[in-house]
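Engineer: what's the 3D shape of this:
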Amino acid sequence: MLRITDLLSPEHIGLDVRAMSKKHVLLELARILAARSGLLDTLIFQALADRENLGTTGFGQGIAVPHARLRELGTTHAALVRLAEPVDFDAGDDRPVDLVCAIIGPEGPTQDPFEALVSACRVLRNPETLAKLRQAGSAAAVHSILAEAV
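Structural biologist: Reported below is the predicted structural model:
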């Protein structure tokens, strides 16, 4: 099974990112994912925004996991940001979001994007892990915390 830490490296983790809205968060994640995947950030942003328009990916506890499939991709990619200030993500618990993990993957029968999404959600539901992630001082520390939690 593909784990979220298989897709994330410290270079794809942003800490204390400043964003004024859900749109700004998605733009920042698209920028990180574009550098990683080679796709245009506008294409990735639009795919994430289109998915978000179907229903929020904010699942509570200050966490969101926006995701999308793009036919232009050959492999699955992920990025994570910890926001300097939480933003409204329309989560079911009405709590603003401060940790956002985005996953993009190829269209088709591959299960990699789904497995990565399941892994991210499993790890990010743990209150102890969340507390550590919110206190981590570096992207490398965030990656280590995620690796320990998997």
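
Engineer: in which helix or strand would I find the spatially most central residue of the chain?
Structural biologist: By C-alpha atoms, centre = their mean, the chain has its centre lying nearest to residue 101, at 1.4 Å. Element membership for residue 101 (DSSP states H and E) is strand 97-106.

Engineer: what packs against the helix or strand that comes right after that strand?
Structural biologist: Remark: after strand 97-106, the chain's next helix or strand is helix 112-124, criterion DSSP H and E. Contact analysis of helix 112-124 by 3 or more C-beta pairs under 8 Å, 6 or more residues apart in numbering; DSSP states H and E lists helix 4-7, strand 67-70, strand 97-106 as its packing neighbours. Any C-beta I mention is one placed from the backbone N, CA and C, and that applies to glycine too.

Engineer: Quick one: closest of the ones you listed to residue 79.
Structural biologist: Nearest to residue 79 among those is strand 97-106; the distance by C-beta to C-beta comes to 5.1 Å.

Engineer: ok, and which of the helices and strands packed on helix 112-124 has the densest surroundings?
Structural biologist: Most buried of the helices and strands packed on helix 112-124 by mean neighbour count (mean count of other C-beta atoms under 10 Å) is strand 97-106; its value is a mean of 25.

Engineer: Pairing partners for it, with directions?
Structural biologist: Next to strand 97-106 in the sheet, as set by DSSP bridges, lie strand 63-64 (parallel), strand 67-70 (parallel), strand 77-87 (antiparallel).

Engineer: Show me what counts as buried in the longest one.
Structural biologist: Neighbour-count burial for strand 77-87 flags 77-83, 87 (criterion: 16 or more other C-beta atoms under 10 Å).

Engineer: Report the outermost residue of the chain with respect to its centre.
Structural biologist: Within the chain, the residue lying farthest from the chain centre (C-alpha atoms, centre = their mean) is residue 109, at 21.7 Å.
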